[in-house]
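*Asks:* from the sequence below, what's the structure:
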Amino acid sequence: GTNSEDKNAYCEQSSKITEPLFVERFGVGGILNLPIIINPKKKENKFVLDLLNTSNGKEMDVKVEETPFYTAYKYKVDPQYAYTINVYDIDSYIKKYQDVGIFVWLNFKENTNKFGVSIYKMEGVYYTTALKIQNMPDKPIRTIERRIDDQNGNKPDSYVLDVRDLICLYFCRPSSVNKS
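*Replies:* Residues are numbered from 1 along each chain as shown. Below you'll find the model as predicted:
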């Protein structure tokens, strides 16, 4: 995996591997047949929004979560359904675009157990908007101390949210009977 603290490398890998995979899996001809393509502006600037909605021409974002946030329970969120999204990103989407559609792709590829927390293999695609996130009441915020004075573009504060509060577009969870 790519070091999430190295924002440059992280954006680079994300735009080369993860986002095209999302489009292939869930875009036109895929499971959800979503009218999306990789944002053509990404060729010039890897920091622009990830996707382009071909039905309305609007740019959209996709947040991919492949590593469970095992300690999300500290923020009163079930780690099986937790995802984090940067406070700064939400604020800047609203400033720049008024609102932005966001897909959240939770993709836990295997059953795992860390810190005494079991996470089951599952995959889900959820939809929300930046304004909906901003307007959610009582959002817990996680501050990553090492990012407070970060010079690489990483912001310290992220909302810790539960995908079950979003619109579910796709959900697949194999039976958890065989706890291997």
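*Asks:* quick one: buried residues of stretch 27-34?
*Replies:* By neighbour count on 16 or more other C-beta atoms under 10 Å, the buried set for stretch 27-34 is 27, 34. For glycine as for every other residue, the C-beta is placed from the backbone atoms N, C-alpha and C.
*Asks:* scratch that, stretch 61-78 is what I was asking about
*Replies:* Neighbour-count burial for stretch 61-78 flags 61, 62, 63, 64, 65, 68, 69, 70, 72, 75, 77 (criterion: 16+ other C-beta under 10 Å).
*Asks:* let me have these in CSV, adding secondary structure, distance to residue 22 and pLDDT as columns.
*Replies:* Converted to CSV, the buried residues of stretch 61-78 look like this (DSSP: H, G, I helix; E, B strand; the rest coil; distance: C-beta to C-beta, whole Å; pLDDT from 0 to 100):
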residue, secondary structure, distance to residue 22, pLDDT
61, strand, 11, 95
62, strand, 5, 96
63, strand, 10, 94
64, strand, 7, 93
65, strand, 12, 92
68, coil, 18, 95
69, coil, 20, 95
70, coil, 24, 96
72, helix, 22, 96
75, helix, 26, 95
77, coil, 23, 96
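*Asks:* so where do the strands sit in this protein?
*Replies:* 36-38, 51-53, 59-65, 82-86, 101-108, 112-114, 117-119, 122-129, 141-143, 157-162, 167-172 (DSSP state E).
*Asks:* tabulate those (TSV), appending distance to residue 20.
*Replies:* Below are these laid out as TSV (distance: least, C-beta to C-beta, whole Å):
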stretch	distance to residue 20
strand 36-38	6
strand 51-53	11
strand 59-65	11
strand 82-86	20
strand 101-108	13
strand 112-114	25
strand 117-119	26
strand 122-129	15
strand 141-143	29
strand 157-162	25
strand 167-172	18
